[in-house]
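Q: Kindly generate the corresponding structure for this input.
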Amino acid sequence: MTKSSPQQTRRRLRSAAMSIALAIGLAAPLAQAQSLAFTFDDGPNLAETPRLTPQQRNDALLAALAKHKVQAALFVTTGFGADKPTGYALAKAWGQAGHAIGNHTMSHPDLHDAKLSLAQYQQEILDCDAIIKTLPGYQKWYRYTFLREGNTPEKRDGMRTFLQKQGYRNAYVSLDTSDWRLDEKLQEVLSKNPQADLTPIKQAYLAHVRQRALAYRALSLQLQGRDIAQVILMHHNLINALWLDDVIAQFKQMGWTITTPAAAFADPVYQLAPERSAPGQSLLLSLGRILGLGKFPGGERLVDDGDAEIEALKAQGL
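A: Below is the predicted model:
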């Protein structure tokens, strides 16, 4: 038998992996086409921001979701506020409104930090769980901080075993955004001029979300041969407190339907566990890299942290 070259072996592996991904994708119901679930990380946050207090930000986010009858998920970083009575009450309001509550650690450490042990990271999850399990809407869902799932075999495999033993599911993200970067710009502008015209930032933000949505949808079609139930990552921050209403309205205008996080996670794509040395980021990007996916329309913008929008705003004097 002729021995295969490493290149031929890699090509066969990629082809087989693509066939499996497509088979899983095509087996799911097409009723999920262009559906989207909203999830928010790092909340509730008691840090002060221009224009809105923590209570006002929380109220604005919940009001926008209620207006559009959206059931979302809040991934709580308890050290940002939920470990205090005031912040706990803000998180409780999410559960009482019918939203899911998930785990996002106590203090948002980076699993890839060489100075952080696997045991320390896991303790962060257990400490967070001790608080959020008392909230209405509590789910055994874990969202990795920075979407980093381990850069060593010990951390990657150790976390997967830990989550399984604890009964937690990996609350994957498929549609990642850099709302945090534009939120930083928003706060920077308002800190310099509280009366600044925010129209350019709002327009840049909506365009950013739209670009990411279309690029990730194209990626799902390329990888799965269908529209998967997308799970979007946003944050409990000022920019969404101001414009979440507009973001949801934009998706509806695009023809996307809004689903619940639980329904989205039922999509078979979220059962996959990419076998990479350092898995993480958007599940779709992670799958694409395993399959050796090259460039695709809009793909270069999925890893730029909103650089294009920031540069455009700087050109406008912001």
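
Q: use CA for all of it now, contacts and neighbours both
A: OK.

Q: Just the mean pLDDT for the longest helix anywhere in the chain, thanks.
A: When the chain is parsed with DSSP state H, its longest helix is helix 199-224. Throughout helix 199-224, pLDDT has a mean value of 95.

Q: Would you map the helices across the stretch 1-150 of the chain?
A: Assigned by DSSP state H, counting those that start in this stretch, the helices in the stretch 1-150 of the chain fall at 6-27, 54-67, 85-96, 118-132.

Q: likewise the stretch 151-300 of the chain?
A: Under DSSP H, counting those that start in this stretch, the stretch 151-300 of the chain gives helices at 153-166, 179-192, 199-224, 238-253, 261-265, 283-290.

Q: quick one: which of those is nearest Thr53?
A: helix 238-253 (9.3 Å; Cα to Cα).

Q: So which bits of the closest one are buried?
A: Leu238, Ile239, Asn240, Ala241, Leu242, Trp243, Leu244, Asp245, Val247, Ile248, Gln250, Phe251 (16 or more other Cα atoms under 10 Å).

Q: next one: stretch 77-84
A: Residues of stretch 77-84 classed as buried: Thr77, Thr78, Gly79, Phe80, Gly81, Ala82, Asp83 (neighbour count, 16+ other Cα under 10 Å).

Q: Need the contact partners of that stretch.
A: Contacting residues not belonging to stretch 77-84 are listed as 41-47, 76, 87-91, 103-108, 128, 131-132 [Cα atoms under 8 Å, 6 or more residues apart in numbering].

Q: same thing but 7 Å
A: Stretch 77-84 has contacts (Cα atoms under 7 Å, 6 or more residues apart in numbering) with 42-46, 87-88, 91, 103-108, 128.

Q: Distance across it, terminal residue to terminal residue?
A: 12 Å (Cα to Cα, to the nearest Å).

Q: mind checking how far the residue sitting nearest the centre point of the chain is from Val247?
A: By Cα atoms, centre = their mean, the chain has its centre lying nearest to Leu233, at 2.5 Å. Going from Leu233 to Val247 by Cα to Cα gives 13 Å.

Q: now do Lys69
A: In terms of Cα to Cα, Lys69 sits 14 Å off from Val247.

Q: and Glu309, what does it touch?
A: Glu309 makes contact with Ala204, according to Cα under 7 Å, 6+ apart.
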